[in-house]
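Chemist: Sequence first, then the predicted structure:
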2 protein chains.
Amino acid sequence: MNRTAIHIALDAMGGDHAPQEIVAGAVLAAREFDVAISLVGRPEAIRAELARHHTAGLDLRIEPASQVIHMADKPAEAVRTRRDSSIVVACQLVRKGMADAVVTAGNTGGALAAGILHIGRIRGIRRPALTVPFPTRQGFCVLLDVGANVDVKPEHLQQFAVMGSIYSRRIMGVVQPRVRILSNGEEPGKGSQLVLEATKRLQHTPGIHFLGNIEGRDIVEDLADVVVTDGFTGNVLIKTAEGVGKLIKTILIEELTATRISSLGALLAKSALQRLGRRLDDSEYGGAVLLGLSNLLVVGHGSSNANAIRHAIRVAKQAVESHMVEEIQAGIQELASQVRTHVPTP
Amino acid sequence: MNRTAIHIALDAMGGDHAPQEIVAGAVLAAREFDVAISLVGRPEAIRAELARHHTAGLDLRIEPASQVIHMADKPAEAVRTRRDSSIVVACQLVRKGMADAVVTAGNTGGALAAGILHIGRIRGIRRPALTVPFPTRQGFCVLLDVGANVDVKPEHLQQFAVMGSIYSRRIMGVVQPRVRILSNGEEPGKGSQLVLEATKRLQHTPGIHFLGNIEGRDIVEDLADVVVTDGFTGNVLIKTAEGVGKLIKTILIEELTATRISSLGALLAKSALQRLGRRLDDSEYGGAVLLGLSNLLVVGHGSSNANAIRHAIRVAKQAVESHMVEEIQAGIQELASQVRTHVPTP
């Protein structure tokens, strides 16, 4: 057992396949990445799942929490009233310094509320932002915010750009991330009031490589490593992409099985369709991350399986090791000092 | 020749394949739908194209316009300075009562600016809205606004709902169109300030069947016939859908041709892929329509071929025959009188 290992608080009860897949992912991650993991939730349920795995030599602990916030629960209310829910207890473990990061596949709204309330924000961060990898031709870019803040101000978008750039460097390995702002046209001057005002700020933001507007259609074209937007538009964007992907898949399967010849084609094309799915799957980036908190909070898909949980834990470890939170803190301080000394042209 | 035929002013110079495909589409439409068409543009270019078709007995006229607004031009400026451009002249034909509707496949921004400036708005309409068919599992829904107005107010969204419902009834043939507002969650109470305020109005809007929020992912699920949103979000939505569709196609083709077995699969699946393309293709709805003007303006894709132009002309004819503009006018008047007598709860 490694005494100085990075310690993850894992919400064992959150997600469509909890606790089975969550516990299985924890076992995989503990073995592969040499992390300590506190499995937070109902001890008997966690113990029963652990019994199905070889866990000798792994640093897997059980942290009791008697309540669960379900997918259908109202997030803010549930977090306020269920103080002994697994996500709240996981966040408190981090707050108390007993763990370095939280990983959950539970109710996203609940995770955001618990994170903001019980982990707390980095000093100077106005609004934490939900950040996701979004597929492009060559790989993935980073998109934020996708739902933590529906109504934002230009200065929030500026902070998102700083946080997104650091995430892109530390987690995606991009040396100089290209930052763009989502708009309704690629030309300068195109955009809502919010976009136009944020653009003026982004042009004078230290530590980021800002390249102007990007349209929804060009995100997939590898023209940006970081795309900033408000949480309303970002949420519509990722859900539209999901809906369109599902629609294309459904229609394609209908059409592929419509005739005997194309059914044979479908059979032969099957592995290609599977590889397509893998290339668009963002689970190796651990799903969404709430950036701007004092410790990392990774929010995996509700449908996360063991492998997705394993990746989410890997991302959490990588973020802690690379001191991502500290770097965001420094970036936000630099921004604040620049704002004090250099007022951007109105 | 039918003296009382519906008369379309067609921008013969607008679009990637102008004037060839535009003129070819006009010939198809004139023959099939018994409409009179004024081809607006450079007479010699139009005459040369017409010479390649059998046009005997068709009511095809040439209306000279010496200038063109190209795809790369700045719309508002081009419309202001090029008074003899084909789109401006086409809009003026309608203004003068010499044509019933305008069809163009040219620069969208140019068409919007020319339409608003030279056709004019319906009395009471605050903001005309760019309206497109969006694919769903079973067919198409109507989405507006997708780019005419980046910053809107709740009362604008209310007018969009009225106009979209009438379009859905008259062009898509839906008896009682289900109206929803695009938001970042399906639950009531989820949404930006704009969405929450617009929702209160939509709940008290006469003549529409309002069902609440819809998420980006559910638009394809046939849960709404009309989806209203601001032009910024709507523009991001349709362009994201386009980008994701293109990305999936590219990756699928890469994967399908990666091995010899899947290459054979690709060959056998080819017709299925073509049928997929046709089911997602909105050109039979004529592309986008700018609703809220005193006469219909149909804006086809820049890449429109003859068949897309033919459909655009059919939609224009259908709208004129069904008195869509008059119905919108009546709907907006009803809305105005209701607003005067019934102030919605704040």
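Modeler: Cool, got the structure.
Chemist: Is residue A:214 in contact with residue A:182, as I believe?
Modeler: Yes - using CB atoms under 8 Å, residue A:214 is in contact with residue A:182, at 6.1 Å. Just so you know, the C-beta spots here come from the backbone N, C-alpha and C atoms, and that holds for glycine as well.
Chemist: Overlap in contacts, these two.
Modeler: Common neighbours of residue A:214 and residue A:182, using CB atoms under 8 Å, 6 or more residues apart in numbering or on different chains, are residue A:227.
Chemist: Pull out the buried positions in the helix of greatest length in chain A.
Modeler: When chain A is parsed with DSSP state H, its longest helix is helix A:231-256. Buried positions in helix A:231-256, judged by neighbour count with 16 or more other CB atoms under 10 Å in any protein chain shown: A:231-245, A:247-248, A:251-252, A:255-256.
Chemist: From chain B, how far off is the residue at minimal distance from the centre of chain A?
Modeler: In chain A, the residue lying closest to the centroid (CA atoms, centre = their mean) is residue A:288, at 1.4 Å. Distance of residue A:288 to chain B, given as CB to the nearest CB, to the nearest Å: 14 Å.
Chemist: outside of the very next helix or strand once past the longest helix of chain A, which residues touch it?
Modeler: Counting by DSSP states H and E, the element after helix A:231-256 in chain order, helix or strand, is helix A:260-280. For helix A:260-280, the surrounding residues in contact (CB under 8 Å, 6+ apart) are A:135, A:245, A:252-253, A:255-257, B:247-248, B:251-252, B:255-256, B:258-259, B:261-262, B:264-272.
Chemist: Between helix B:260-280 and helix A:260-280, find me the angle.
Modeler: Counting by axes from the mean of the first three to the mean of the last three CA atoms, to 10 degrees, helix A:260-280 points 90 degrees away from the direction of helix B:260-280.
Chemist: Now do the longest helix of chain A against helix B:231-256, angle only.
Modeler: Going by the same axes, to 10 degrees, helix A:231-256 makes 40 degrees with helix B:231-256.
Chemist: can you list the residues of the stretch 51-200 of chain A near chain B?
Modeler: Contacts of the stretch 51-200 of chain A with chain B, taken as CB under 8 Å from any CB of the partner chain, map to A:135-137, A:147, A:150-151, A:182-185, A:191-193, A:195.
Chemist: Run a quick neighbour tally on residue A:186.
Modeler: Neighbour count for residue A:186, taken as other CB atoms under 10 Å in any protein chain shown: 14.
Chemist: Does it lie in a helix or a strand, and which?
Modeler: Residue A:186 belongs to no helix or strand, assigned by DSSP H and E.
Chemist: just checking, it touches residue A:218?
Modeler: Yes - with contact defined as CB under 8 Å, residue A:186 counts as touching residue A:218 (6.7 Å).
Chemist: how about the residue in the stretch 1-150 of chain A that chain B sits nearest to, secondary structure?
Modeler: In the stretch 1-150 of chain A, no residue comes nearer to chain B than residue A:150, which is 4.5 Å away by CB to the nearest CB. Under DSSP: H, G, I helix; E, B strand; the rest coil, residue A:150 falls in the coil class.
Chemist: Over to the one 10 residues further on?
Modeler: The local conformation at residue A:160, judged by three-state DSSP, is helix.
Chemist: Report how many residues lie close to it.
Modeler: Neighbours of residue A:160 (other CB under 10 Å): 35.
Chemist: which residues touch residue A:27?
Modeler: Listed by CB under 8 Å, 6+ apart, the contact set of residue A:27 reads A:50, A:53, A:54, A:55, A:58, A:60, A:306.
Chemist: how about a cut-off of 6 Å?
Modeler: residue A:53 (CB atoms under 6 Å, 6 or more residues apart in numbering or on different chains).
Chemist: Let me see the ranges of the helices in the stretch 1-150 of chain A.
Modeler: A:20-33, A:43-50, A:75-81, A:86-95, A:108-114 (DSSP state H, counting those that start in this stretch).
Chemist: In TSV, list these along with mean pLDDT.
Modeler: Formatted as TSV, the helices of the stretch 1-150 of chain A follow (pLDDT from 0 to 100):
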stretch	mean pLDDT
helix A:20-33	97
helix A:43-50	97
helix A:75-81	91
helix A:86-95	97
helix A:108-114	94
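Chemist: Residue A:227 is in contact with residue A:178, correct?
Modeler: No - under the criterion of CB atoms under 6 Å, residue A:178 makes no contact with residue A:227, lying 9.6 Å away.
Chemist: more crowded one of these two?
Modeler: Using other CB under 10 Å, the more surrounded residue of residue A:178 and residue A:227 is residue A:227, with 25 against 20.
Chemist: Can you give me the pLDDT of that one?
Modeler: For residue A:227, the pLDDT comes out at 98.
Chemist: ditto for the one 10 residues further on
Modeler: The per-residue pLDDT reported for residue A:237 equals 96.
Chemist: Kindly report the same for residue A:218.
Modeler: Predicted confidence (pLDDT) for residue A:218: 95.
Chemist: The one 4 residues further on too?
Modeler: According to the prediction, residue A:222 has pLDDT 94.
Chemist: before we move on, back to that, beta partners for the residue nearest to the centre of chain A?
Modeler: residue A:299 (DSSP bridges).
Chemist: Contact partners for it?
Modeler: Contacts of residue A:288 (CB under 6 Å, 6+ apart): A:130, A:132, A:299.
Chemist: Now do the contacts for the first one.
Modeler: Residues counted as contacts of residue A:130 (CB under 6 Å, 6+ apart) are A:145, A:146, A:147, A:148, A:288, A:290.
Chemist: Which of those residues sits closest to residue A:38?
Modeler: residue A:290 (19.0 Å; CB to CB).
Chemist: and the closest one, that's in a helix?
Modeler: No - assigned with three-state DSSP, residue A:290 falls outside any helix and is strand.
Chemist: And what about the closest residue to it other than its chain neighbours, helix, strand or coil?
Modeler: Of all residues not flanking residue A:290 in the chain, residue A:297 sits nearest, at 4.4 Å (CB to CB, 6 or more residues apart in numbering or on different chains). At residue A:297 the chain is in strand, as set by three-state DSSP.
Chemist: Next, count neighbours for residue A:297.
Modeler: 30.
Chemist: Just confirm it contacts residue A:104, I think it does.
Modeler: No - using CB under 6 Å, residue A:297 is not in contact with residue A:104; the gap is 7.6 Å.
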